[in-house]
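Participant: Sequence plus predicted model, see below.
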Amino acid sequence: MEQPFNRVFLIVMDSVGIGEAPDAKEFNDEGADTLGHIAEHMNGLTMPNIGKLGLSNIREIKGIDPASKPMAHYTKMEEASVGKDTMTGHWEIMGLRMDQPFRTFPEGFPDDLVQKIEEKTGRKVIGNKPASGTKIIEELGKEHMDTGALIVYTSADPVLQIAAHEEIVPLEELYEICETVREMTKEDPYMIGRIIARPFVGEPGNFERTSNRHDYALKPFGRTVMNELQDANYDVIALGKISDIYDGEGVTEALRTDDNNDGMDKLLQSIEQSFNGLSFLNLVDFDAKFGHRRDPQGYGEALEEFDRRLPEVLEKLNEDDLLIITADHGNDPIHHGTDHTREYVPLLAYHKEIKEAKQLPLRETFADVGATIADNFNVKAPEYGKSFLNDLK
Ligand SMILES: O=P(O)(O)O[C@H]1O[C@H](CO)[C@@H](O)[C@H]1O
Ligand SMILES: [Mn+2]
Ligand SMILES: [Mn+2]
């Protein structure tokens, strides 16, 4: 094996968990199993390519034969942080461990914050409760169109989301509003993880959210492996939501994506590009379009579609490239509620020179991925995480 790898490609399949975590009970997620339940629902998943890498060797998944000679090293990872949201998962992947969970707002946002938002934006706030984004626009979209009031909602995640019709609140104004709210909530007592613009279009009964969603995250609370890479002059290409999730920290080039397929296109473009460092992709459709919507059929089809794109990726990689596929939490579409689930995530590590792929030890933290990347590029190791670079031969 060439070592170090010249380039690392990291794919986070957002919310693709692989069974309940040991501490699932503490998150009210006993029995959650994103991949397992989707595979049951589909009466077997057709994912031969990730199957060849070794997905079903981690834990057998209906329809996917465990590979007799897996092409990738494989295992699963536990999340060490006390949260199951996207930022916590991604930040941990890059070496940060959250010991104090972000504050959530199961009863809606406090009156004084709502008042401040109304004063600063000149628009009334409606909603102000945890909700599914598609349901709350059905419920309040007409009132919003009639009055111009902002639909503010949250979820089990540390998020404040603002939904508005693109013809009622122009995009630019919605983004400004979100920036204003971001400024208001950066510090205690609110410290909200993310403010999210949720624009939609259409008529009552027929609303549709657009891809003009925009996330305004907090900065990671410490330095991540991406910061170390950037400072050592490596490239850090952020595809899809990645740049938002780290608020641009440690990102040298950011490209947004329209959907999972576009994400795969952009990943392929980055493979063809000459660079030295990390190309980091988040595939959010699994989570946003299907997990939160509790749509196991759509989720299953999206997984199969992702699988069909994998051979292109594998073919294009160079000998000195490393591909890591993992996830940031679960979102079991068969589980109660509409939120994330506390699960193990799969870990597959592939390169062209693997002679005999093996099962890696169970990872106790997602930070092992960041530690491995740091080790590979010989930059400062994160405080958390153990490198598995030496196991990748
Ligand atoms: O139901 P929608 O609006 O898709 O919201 C989902 O998206 C948010 C951010 O990823 C999550 O917190 C969840 O609430
Ligand atoms: Mn996520
Ligand atoms: Mn989510």
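Facilitator: Received the coordinates, thanks. Residues are numbered from 1 along each chain as shown. Ligands and ions are numbered 1, 2, ... in the order given.
Participant: What lies in contact with the lowest-mean-pLDDT helix or strand in the chain?
Facilitator: Least confident helix or strand, the chain: strand 214-217 with a mean of 92, by mean pLDDT, DSSP states H and E. By Cβ atoms under 8 Å, 6 or more residues apart in numbering, the residues outside strand 214-217 that reach it are 87, 175, 178-179, 181-182, 193-197, 241, 244-247. To be clear about C-beta, it is placed using only N, CA and C from the backbone, and glycine gets the same treatment.
Participant: how about the helices in the stretch 151-300 of the chain?
Facilitator: 171-184, 225-231, 242-245, 260-272, 285, 296-316 (DSSP state H, counting those that start in this stretch).
Participant: Most tightly packed of those helices?
Facilitator: Mean neighbours per residue, mean count of other Cβ atoms under 10 Å, is largest over the helices of the stretch 151-300 of the chain for helix 242-245, with a mean of 26.
Participant: How far off centre is it?
Facilitator: 9 Å (Cα atoms, centre = their mean, to the nearest Å).
Participant: average pLDDT across it?
Facilitator: For helix 242-245, mean pLDDT is 95.
Participant: Mind giving me the packing neighbours of that helix?
Facilitator: Packing partners of helix 242-245 (3 or more Cβ pairs under 8 Å, 6 or more residues apart in numbering; DSSP states H and E): helix 86-93, strand 214-217, strand 277-283.
Participant: Which of those comes out lowest on mean pLDDT?
Facilitator: Among these, strand 214-217 carries the lowest mean pLDDT, a mean of 92.
Participant: just the CA coordinates of that strand, formatted as PDB?
Facilitator: The C-alpha coordinates for strand 214-217 follow below in PDB (Å, rounded to 0.1, in the frame of the first residue of the first chain):
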ATOM      1  CA  HIS A 214     -29.700  27.300   3.800                       C
ATOM      2  CA  ASP A 215     -28.100  26.300   7.100                       C
ATOM      3  CA  TYR A 216     -26.400  28.800   9.500                       C
ATOM      4  CA  ALA A 217     -24.400  26.700  11.900                       C
END
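Participant: Kindly point out the strands partnered with it and how each is oriented relative to it.
Facilitator: When pairing is defined by DSSP bridges, strand 214-217 lines up against strand 194-201 (antiparallel).
Participant: Briefly note if stretch 126-146 comes near ligand 1.
Facilitator: Yes - Stretch 126-146 is in contact with ligand 1 by Cβ under 6 Å from any ligand atom, via 132-133.
Participant: which parts of that stretch are buried?
Facilitator: Residues of stretch 126-146 classed as buried: 126-128, 130-134, 136-137, 139-141, 144-145 (neighbour count, 16 or more other Cβ atoms under 10 Å).
Participant: which stretch among the helices of the stretch 151-300 of the chain comes nearest residue 46?
Facilitator: Ranking those by proximity to residue 46 (Cβ to Cβ) places helix 296-316 first, at 5.2 Å.
Participant: continuing past that closest one, what's the next helix or strand?
Facilitator: Using DSSP states H and E, the helix or strand that follows helix 296-316 in sequence is strand 321-326.
Participant: coming back round to it: mind putting the helices and strands packed on helix 242-245 in JSON lines, mean neighbour count included?
Facilitator: Shown next, in JSON lines, are those (neighbours: other Cβ atoms under 10 Å):
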{"stretch": "helix 86-93", "mean neighbour count": "27"}
{"stretch": "strand 214-217", "mean neighbour count": "20"}
{"stretch": "strand 277-283", "mean neighbour count": "26"}
